[in-house]
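Participant: give me the fold of what follows.
(4 chains)
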4 protein chains.
Amino acid sequence: MKAFVMQGIGSTALVEKDRPKPGPTDAILSPTVGLICTSDCHTVHGAIGDRDNLTLGHEVVGVVDEVGESVSDFEPGDRVAVGAITPDWNSIAAQDGHPSQSNGPLGGWKFANVKDGTFAEVVHVNDADGNLARIPDDLTDHEAVYTADMLSTGFAAAENADIPMGGTVAVFAQGPVGLMATKGAALQGAGEIIAVETVDQRQELAREYGADHVVDFQETDPVEEILALTDDSGVDAAIEALGSDETFQDCIEVVKPGGTVSNVGYHGEGEFRHIPREEWGVGMSEIEIVTDLCPGGRLRMRRLLRMLENDLVDPTKMTTHEFEFEDIETAFEMMDEKADGIIKPLIHFERTG
Amino acid sequence: MKAFVMQGIGSTALVEKDRPKPGPTDAILSPTVGLICTSDCHTVHGAIGDRDNLTLGHEVVGVVDEVGESVSDFEPGDRVAVGAITPDWNSIAAQDGHPSQSNGPLGGWKFANVKDGTFAEVVHVNDADGNLARIPDDLTDHEAVYTADMLSTGFAAAENADIPMGGTVAVFAQGPVGLMATKGAALQGAGEIIAVETVDQRQELAREYGADHVVDFQETDPVEEILALTDDSGVDAAIEALGSDETFQDCIEVVKPGGTVSNVGYHGEGEFRHIPREEWGVGMSEIEIVTDLCPGGRLRMRRLLRMLENDLVDPTKMTTHEFEFEDIETAFEMMDEKADGIIKPLIHFERTG
Amino acid sequence: MKAFVMQGIGSTALVEKDRPKPGPTDAILSPTVGLICTSDCHTVHGAIGDRDNLTLGHEVVGVVDEVGESVSDFEPGDRVAVGAITPDWNSIAAQDGHPSQSNGPLGGWKFANVKDGTFAEVVHVNDADGNLARIPDDLTDHEAVYTADMLSTGFAAAENADIPMGGTVAVFAQGPVGLMATKGAALQGAGEIIAVETVDQRQELAREYGADHVVDFQETDPVEEILALTDDSGVDAAIEALGSDETFQDCIEVVKPGGTVSNVGYHGEGEFRHIPREEWGVGMSEIEIVTDLCPGGRLRMRRLLRMLENDLVDPTKMTTHEFEFEDIETAFEMMDEKADGIIKPLIHFERTG
Amino acid sequence: MKAFVMQGIGSTALVEKDRPKPGPTDAILSPTVGLICTSDCHTVHGAIGDRDNLTLGHEVVGVVDEVGESVSDFEPGDRVAVGAITPDWNSIAAQDGHPSQSNGPLGGWKFANVKDGTFAEVVHVNDADGNLARIPDDLTDHEAVYTADMLSTGFAAAENADIPMGGTVAVFAQGPVGLMATKGAALQGAGEIIAVETVDQRQELAREYGADHVVDFQETDPVEEILALTDDSGVDAAIEALGSDETFQDCIEVVKPGGTVSNVGYHGEGEFRHIPREEWGVGMSEIEIVTDLCPGGRLRMRRLLRMLENDLVDPTKMTTHEFEFEDIETAFEMMDEKADGIIKPLIHFERTG
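Facilitator: As a prediction, this is how the structure comes out:
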């Protein structure tokens, strides 16, 4: 089978690989569509270290090809979604309410990290009963594939932000995760959403997804602007959806005493993130800083698919480009360079089954 | 000044009363518009015991006429909203996170309960700084008056229901509180909302406010129907917005293990509410039964007003009738009989100031 | 192998049974000691329906005899504890934070309910990696066996009661679960614990485990007494550890507005539990009624074992009687009749391995 | 009256001042005993800026001398405790669950910050009904005075740490707040408590208050040692009770994925606190960093006093020295230099009333 792999830092290729086999509780999928994520680019640039011939990708939907002997709820032919994160559900961390951290920090993140990812003609999924969810007939693959990461991560940013009904929220960066955090804040009852973004098309999408104000950080100081918009009292919650030290600091500076900074940005560089001591109330202003890794699992997928079914969100607006799987290298390069206003590129797999 | 009062059980009248005086922390309002609540009718029928010459009403907005010497944030001329519930903010219960229960069960409920209510030409408000909120210029009085009770109570029903993003919710009864609970569930990210109601116009409003299904309890058994709609697994949360034993039992029967029954219905009759033992998992299925009394206070009002400003909800659709204050007795009788498809009657006060 | 079974309602016997075999993720234990639970008696009396030749018991510790091929963290010879409840960790309910409800109401309760229990010479445990925990060397089997149910259930009653630091708690009934709820309340920082009990020895143990007051319901009305002890304001939390309608009602009557009723009693009889409407604040006094089924799983067991290791609780004080496994029928009868002041009878298994 | 004041940065004096007068809701106390806090020393060294003739101190108990006309629950002669933090209970922040942040960051902190503190012959208390609590007869003033700050802050550190029953906790620094955090962790059901401290007497007290291990950071690397003690999995919660960047970083390094860092240290210096990026899971390991300022208020005081009454903690072990009020300058200097193994110095006021 063909797979799009990382061949050492900085290098990718479309290669032939052996088809994976399922263990007793696993499944093998044949993908229909996938999405490229900026974190795939980070990985190739070495953010999580070197990898040799590791298949990339973690956002995909497809059809079940084969299941292990102990899988009870899925069978070949089922059209399914799978989370970017596929936890070990009986691990200590999962029992503790943190499945994405199963068996070590970020340990639920298996695709394109500790095992082959989803940019291949067939894909291995651990714990099929725990990690797959059937796609309802009235949803397209295109819609459903957004549940894998963008919806789950973006919405988690908003859920963790502990937004009071009618509260105020600032969302830093309106990439696809930030856009879904903005939509998530709207779906959590936020009363006023301030999006920070400079790219025109993303500003527009932010408004469509529920932002009441858009602050262009190229034109104004976002901290000053957000404080001005809130009568200098600060927002109830600030969401970091970029992964930079600067926006992280901004979050602490714009949040009110007792507020929440919800981080979902992947902080790929630098030794430290910096908490501005005074704005943090010298450690006593009751600000909470929370973090998350994309929630996965059958229940999460099912709930997100239900939201799509009832038209609570249309993530396909973020799909700016489409490619065949054989052209994935081009797609990947464009994503890496953020060329041509790309937000999310959709990859079509040719069904071989 | 004129006031619409209860004169013993079953009897009301529009009478002359003395103008109230503010204590050091109080304010005096001159109402602009008000709403009649079904609980006003309950009160007149004796639900909270006899009252002699007590002014009715608890939903009002108006203009500040006079403030006590210690009031720092409001002054005559301010256009303000006030909650139906006006807590004592330094009470033990408020310090414990339950301001509506300040100084005894339901103790934050003062209007038309332990002191004169809001159907009068001037209204006394305790703790003005704690309980008033300025109405933004771009909101009408008509919009703003819904924050007093309908939005606050209905949304609280949804907030307390602990609805997971994409979760399923059943809302029993689509009176104005139930309708706002439906809208509140949508604003909490519910993935599927099932409204139970038989009156046509209310069914329609339920759909407009976010219900994905409407179950007519006259035509089908709501418990069976809701279980069928959820593949027999039950809903994540059930909201009781009627106050009857039957719907309360239904809530327990339709909620899944680990789910939440959120009660905001006012249970006016009977010695007991009945928990069906087996459906309650013999006391071990991790169902939670939570209750609430309308949250009040300046912060709550402010947040609800912000939601109106950003067009997150339009409660004025529920206003089916309008009356001048001098015709309030007619309005009250119609509300009592639920005549002419009445949902909420808006009362206009003539500004005398 | 020998097993102590239920042979239809009202009948038990010590019989020969086939040794169970492990599936890929399971383990087979050889018990060392076990405890009899009052719920075993309920089961034999038909509380969960008829059972034919079902092995009884759910509280046991032992030594691993055999493991399935996919078990990675345990091997024969390991001395282990196992919870009374052994969830399916990848089920929807477990993913939702309710593992004890996996695959249906109370679905994590497998021993002596949907499969053979623990009163046998060898015992089958599903999902060994998820449900077993190694017993530290410095703990005796006698100490460790209390983690299976008594500690886990009793402590859960206190955890769910949401007791504020320094808050007041009433614990209804001081059987072994109630005693551990009392101890659990002390370990949650309760400021004042009121135990309700009439049996002398249990009253004494309640005091040893942390009760500041003991109310004898034979001598005084417990509701009046508890209200008197709290200046008529009621307790922050009330724990129901008996399973009767009367004590359930008492809990609602003694809890303050905004307080919590935490139920762990198994309610075996009657069509309904009754909520007194007025004391419930006509559905608006912000009382929460929560329920639980004994939490299980490797992490829970590990934490409870750690508490024993650091001498936070000595549950062995509750062991009033000891028996060899061959005399289990006698033990069972005494437990059923609560003869001779029995609280918990310890069963010693002869190691056959 | 005499008052011990700050006269510009670095300078203190015992001076004569005018007796304060109560507003309508205030009280005037005549202190009996007080405690000096290290934060008083910080203040004099300029940590919160310059102050001219500001009375120092925030830990005191005393007798009510005089009350304002609107005070309803206290009268002259009442023996009372008052929190170090005296919130405005009707403020927006208090309504939002953060009374210590009322009217701005740390705004509930009034004593020796924005108004005269407690080291004076008479003391002014705002909102007497909201902020005072009667001291039970069976408690000494010496016991009760610890509720003002040490118990409230130390216990809050443990409450915020979200310690699971039987979980593991590391407490960095065993000054009086750290010691009470250690005791608080024990009273929250921690299964294993690791205290970090180098001073002998404080190590001993840590053990008495519940530490299972004491790590001496002069003899070993505390991060390595704590990881070793937890099989390299890290603690469920880490408490920062010092206010240094180094221990703050240590907290993040020793906490497991999904764990909580609970800060109560007052971070008096430096532009930033540093979050080590990798140990923080690049922003995705679900670590929470929470902070608090000493909770105050009548309910909090009452609950802490109840814990003293029922002998849940004996804070007087921390009193290493005692002084008359006239010798407070000596006491203050010793505290500033941490001379003679001082932990907490108790100040006796001569009753003049």
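
Participant: for the rest of this, base every contact and every neighbour count on C-alpha atoms.
Facilitator: Fine.

Participant: what number of residues lie near A:Gln201?
Facilitator: Residue neighbour count, defined by other C-alpha atoms under 10 Å in any protein chain shown, stands at 14 for A:Gln201.

Participant: chain neighbours aside, what residue packs nearest to it?
Facilitator: With C-alpha to C-alpha, 6 or more residues apart in numbering or on different chains as the criterion, A:Gln201 has its nearest non-adjacent residue at 7.8 Å, and that residue is A:Gly341.

Participant: okay, that neighbour and A:Arg202: tell me how far apart.
Facilitator: Between A:Gly341 and A:Arg202 the computed distance is 9 Å (C-alpha to C-alpha, to the nearest Å).

Participant: so for these two, which residue has more residues nearby?
Facilitator: A count of neighbours by other C-alpha under 10 Å puts A:Arg202 above the other of A:Gly341 and A:Arg202, at 23 against 15.

Participant: could you pull up phi and psi at the residue nearest to A:Gln201?
Facilitator: Backbone torsions for A:Gly341, taken as degrees, to the nearest 10, come to phi 60, psi 30.

Participant: please enumerate the helices of chain A.
Facilitator: Counting by DSSP state H, chain A has helices at residues A:38-44, A:92-95, A:128-131, A:141-144, A:150-160, A:176-186, A:200-208, A:222-229, A:245-254, A:298-309, A:328-337.

Participant: just those helices: most buried one?
Facilitator: helix A:176-186 (a mean of 30; mean count of other C-alpha atoms under 10 Å in any protein chain shown).

Participant: now do that one: which elements does it pack against?
Facilitator: If contacts are counted by 3 or more C-alpha pairs under 8 Å, 6 or more residues apart in numbering or on different chains; DSSP states H and E, helix A:176-186 sits against helix A:150-160, strand A:168-172, strand A:192-196, helix A:200-208.

Participant: need the mean per-residue confidence for it.
Facilitator: Averaging pLDDT along helix A:176-186 gives 98.

Participant: and it, C-alpha only, in CSV?
Facilitator: Output of helix A:176-186 as CSV, limited to C-alpha atoms (Å, rounded to 0.1, in the frame of the first residue of the first chain):
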residue,chain,number,x,y,z
PRO,A,176,-8.7,26.1,12.1
VAL,A,177,-8.4,25.3,15.8
GLY,A,178,-8.9,28.9,16.8
LEU,A,179,-11.9,29.2,14.5
MET,A,180,-13.4,26.1,16.1
ALA,A,181,-12.6,27.5,19.6
THR,A,182,-14.5,30.7,18.5
LYS,A,183,-17.4,28.5,17.4
GLY,A,184,-17.1,26.5,20.6
ALA,A,185,-17.3,29.6,22.7
ALA,A,186,-20.5,30.6,21.0
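
Participant: touching it from outside, list them.
Facilitator: A:150-151, A:153-159, A:163, A:169, A:171-173, A:193, A:195, A:202, A:205-206, A:209-211, A:239-242, A:313, A:315, A:318, A:343-344, B:187, B:189 (C-alpha atoms under 8 Å, 6 or more residues apart in numbering or on different chains).

Participant: quick one: mean pLDDT for stretch A:286-300?
Facilitator: Stretch A:286-300 shows a mean pLDDT of 98.

Participant: how about stretch A:232-246?
Facilitator: pLDDT averaged over stretch A:232-246 gives 97.

Participant: list the buried ones in it?
Facilitator: For stretch A:232-246, a neighbour-count test (16 or more other C-alpha atoms under 10 Å in any protein chain shown) marks A:233-245 as buried.

Participant: I'd like to know how many residues surround A:Gly270.
Facilitator: By other C-alpha under 10 Å, 12 other residues sit near A:Gly270.

Participant: kindly report the same for the one 10 residues further on.
Facilitator: When counting by other C-alpha under 10 Å, one arrives at 24 neighbours for A:Trp280.

Participant: now swap in the one 3 residues further on and tell me
Facilitator: Using other C-alpha under 10 Å, A:Gly283 has 26 other residues around it.
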